[in-house]
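>>> model this:
(2 chains, ligands or ions: 2)
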Amino acid sequence: MLAMNYRGPRRVRIDSKPYPEIKHPEDAIVRVTRSCICGSDLHLYNGNVPDTRVGSTFGHEFIGIVEEVGPEVHKLKIGDQVLVPFNIACGKCSFCQQGLYGNCHESNTEATAVGGIFGYSHTAGGFDGGQAEFVRVPYANFGPTVIPPGMDPDDAVLLTDVVPTGYQAAEMGGIQPGDTVVVFGAGPVGIMAARCSWLFGAGRVIVIDQVDYRLEFVRNYAPCEAYNFNEMDDPVVFVKKITDWMGADVCIDAVGAEAAGSPLQTITGRKLLLQAGSATALHWAINSVKKGGIVSVVGVYGPTDNLVPIGNVVNKGLTIRANQASVKRLLPRLIDHIQNGILAPKALITHRVPLEDVADAYNIFANKLDNCIKPVLIPPSARS
Amino acid sequence: METIETLAQKYTHIRGWGIDADPKNDPTYPIKNRTDAEQRGYSWQRPTQQPIDTEVLRSIERPNVSAVFGTSVPPTGLSGQIRRFAFRFSESEYGHWLPLLLADRVNVVEGLIDDVRQGIVPNIFAEKGMLADWKYNRKNLLQHVLIGAVVTTTILTIMSRTKGPGRA
Ligand SMILES: [Zn+2]
Ligand SMILES: [Zn+2]
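Ligands and ions are numbered 1, 2, ... in the order given. Model (predicted):
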């Protein structure tokens, strides 16, 4: 089968790889019909996530058709069209029982902070991902969800990560009716977080990014105020100024370790690798929120230390809430929202690329070429 | 199951125990749905263990291998040795993460050697997706190619100069 193959920082290609095996009685094999490249894949692509082994296949956002099931799989049958949450969750462990499906303790042996994630380095369990023709899906009784009849596959694939992560970012903000919410980052997740902030009753939604076409997109899609931080002396002062000098009620970091905007962070984090990426957006979020406010973090950060202004967290009495989205917990509500026309995620998909051209797709997305918001990869068998 | 009532019984000897307890004051809710069963070690009914038929590196912050694991690329070669070393340290130590990053860099070279061994000449232009640059970022690509050409020519010139007298 064809699969994306990581060869080193900023080098990927499509190769022929062995068809995946059922290795556990609750495994299923899924024939991929669509997979996305995610902003967090760029941390892997740039070589910033420890234990990203050469020969790995990325891709944690995919949908497909059940091709084969293990002997203990009874919730799925061959031919089912499924969307597969990016987190691999057993449904049984202490954390899954609390609905913390992003923190499952039975899906990742190599680290305890994060659960298993498809195609996200050996630090997240070493599972091959969905940027391939077929993929092994563990715990098939629990994670995969049959796509409701009539749902557009482009909407379905965004339910595997982008929509729940954006929604949970807003949820963790504890937004109260009328609150001012500032979202740092106008990537797909930031766009979705801005849109979802309204669902929690926000009174004002502001997005800050540095790429004009993304700002234009979110302004129309969310709909919200959107500003370019390159046109500000200081984003923190800017936020204070437009919030009556108080700061925002809620700040959302939807950027993570690839943040631009601070030379010191960029050099120490992304060039010298002294910290796992740059924490610029988090820094701004903590300093832009009002006292007693809430900072919600869904941007991906690496495992080692970051230059986080922790003193300010204490002095300002902040609540910081952060997590990987518990996709499975949120799916029923989000499926309703899509079916009722409240959310229309597929509009985010700007590029449809044959799986064979995965290297070009990564380059386009990583370097924000051709006004790209979200690229989706289509394997040969799913093209007609 | 320890409810607030049974807990209160347990702590009757402490005056005022739980007097201000407010279950609603929980910033982790609803992200975390509290249950009575949490924080009690490995007490859940564990899923079937995936047969451990490959070398799985395990965090020393857990007592066992998770019921399911990926390990799609088991550790090999020098990078594998560095990774094994890294897994002697906990996740809170640089001794864990920095060797892993080093192993990743070593692994890239191993990947190149592997390719050549299998008769594959890696097409770096394609692997970097530079066809996309040609389409959407041509100016930048040409600049890079130009800088590359200048650097290569300069190096070749210096080398031929330093070699020159030696040969003569
Ligand atoms: Zn993602
Ligand atoms: Zn679990």
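
>>> tell me which element the closest residue to residue A:177 other than its chain neighbours falls in.
Leaving aside its sequence neighbours, residue A:177 sits nearest to residue A:201 (Cβ to Cβ, 6 or more residues apart in numbering or on different chains; 3.8 Å). In this view, the C-beta of every residue, glycine as well, is placed from N, C-alpha and C. Counting by DSSP states H and E, there is no helix or strand that carries residue A:201.

>>> Spell out which parts of the stretch 1-150 of chain A neighbour ligand 2.
Within reach of ligand 2 by Cβ under 5 Å from the ion, the stretch 1-150 of chain A has these residues: A:89-90, A:93, A:96, A:104, A:106.

>>> Swap in 8 Å and give it another go.
A:89-97, A:101, A:103-107, A:115 (Cβ under 8 Å from the ion).

>>> and stretch A:9-17, average pLDDT?
Average pLDDT, stretch A:9-17: 96.

>>> Buried residues, it. List them.
A:9-14, A:17 (16 or more other Cβ atoms under 10 Å in any protein chain shown).

>>> Find the residue ranges of chain B scoring beneath the pLDDT cut-off.
Across chain B, the ranges flagged by pLDDT under 70 are B:1-2, B:35-39, B:162-168.

>>> Run through the helices of it in chain order.
B:4-10, B:77-86, B:94-117, B:124-127, B:130-136, B:138-167 (DSSP state H).

>>> of the buried residues of stretch A:9-17, closest to residue A:350?
Of all these, residue A:12 has the smallest distance to residue A:350: 20.0 Å, by Cβ to Cβ.

>>> Contacts only, for residue B:57.
By Cβ atoms under 8 Å, 6 or more residues apart in numbering or on different chains, the contact list for residue B:57 reads A:109-110, A:122, B:71, B:75, B:83-84, B:87.

>>> What remains of those residues if I keep only buried residues?
Using 16+ other Cβ under 10 Å, the buried ones in the contacts of residue B:57 are A:109-110, A:122, B:71, B:75, B:83, B:87.

>>> tell me the SS of the closest residue to ligand 1 within the stretch 1-150 of chain A?
Going by Cβ to the ion, ligand 1 is nearest to residue A:38 of the stretch 1-150 of chain A, at 2.8 Å. Assigned with DSSP: H, G, I helix; E, B strand; the rest coil, residue A:38 falls in the coil class.

>>> Setting the sequence-adjacent residues aside, check what's closest to it.
Nearest one to residue A:38, counting by Cβ to Cβ, 6+ apart, is residue A:61 at 5.6 Å.

>>> How much space separates that neighbour from residue B:22?
39 Å (Cβ to Cβ, to the nearest Å).

>>> With residue A:103 instead?
25 Å.

>>> out of the two, which sits in the busier spot?
Applying other Cβ atoms under 10 Å in any protein chain shown to residue A:103 and residue B:22 shows that residue A:103 carries more neighbours, namely 24 against 6.

>>> Nearest residue to that one in space, ignoring adjacent ones along the chain?
residue A:95 (4.4 Å).

>>> Doesn't that neighbour lie inside a helix?
Yes - counting by three-state DSSP, residue A:95 is located in a helix.

>>> Which residues of the stretch 101-250 of chain A lie near ligand 1?
Residues of the stretch 101-250 of chain A lying near ligand 1 (Cβ under 8 Å from the ion): A:160-162, A:165, A:189.

>>> Columns secondary structure, distance to residue A:151 and neighbour count on top of the residues you listed, output as CSV?
Shown next, in CSV, are those (DSSP: H, G, I helix; E, B strand; the rest coil; distance: Cβ to Cβ, whole Å; neighbours: other Cβ atoms under 10 Å in any protein chain shown):
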residue, secondary structure, distance to residue A:151, neighbour count
A:160, coil, 13, 31
A:161, coil, 16, 27
A:162, helix, 15, 26
A:165, helix, 19, 31
A:189, helix, 21, 32
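
>>> and which of those is nearest to chain B?
residue A:165 (12.6 Å; Cβ to the nearest Cβ).

>>> what about stretch B:134-151, near chain A?
Yes - judged by Cβ under 8 Å from any Cβ of the partner chain, stretch B:134-151 comes into contact with chain A through B:135-137.

>>> How far off centre is that stretch?
32 Å (Cα atoms, centre = their mean, to the nearest Å).

>>> Mind listing what's buried along it?
For stretch B:134-151, by 16+ other Cβ under 10 Å, it's B:136-137, B:141.

>>> Adding distance to residue A:68, write those residues out as CSV.
CSV is the format used below for the buried residues of stretch B:134-151 (distance: Cβ to Cβ, whole Å):
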residue, distance to residue A:68
B:136, 39
B:137, 41
B:141, 43
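
>>> can you list these in JSON lines and add distance to ligand 1?
Formatted as JSON lines, the buried residues of stretch B:134-151 follow (distance: Cβ to the ion, whole Å):
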{"residue": "B:136", "distance to ligand 1": "23"}
{"residue": "B:137", "distance to ligand 1": "24"}
{"residue": "B:141", "distance to ligand 1": "28"}
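
>>> Tell me the one of the contacts of residue B:57 nearest residue B:12?
Comparing these against residue B:12 with Cβ to Cβ picks out residue A:109 as the nearest, at 43.5 Å.

>>> So the closest one sits against residue B:61, correct?
No - contact criterion Cβ atoms under 8 Å: residue A:109 and residue B:61 do not qualify, at 10.7 Å.
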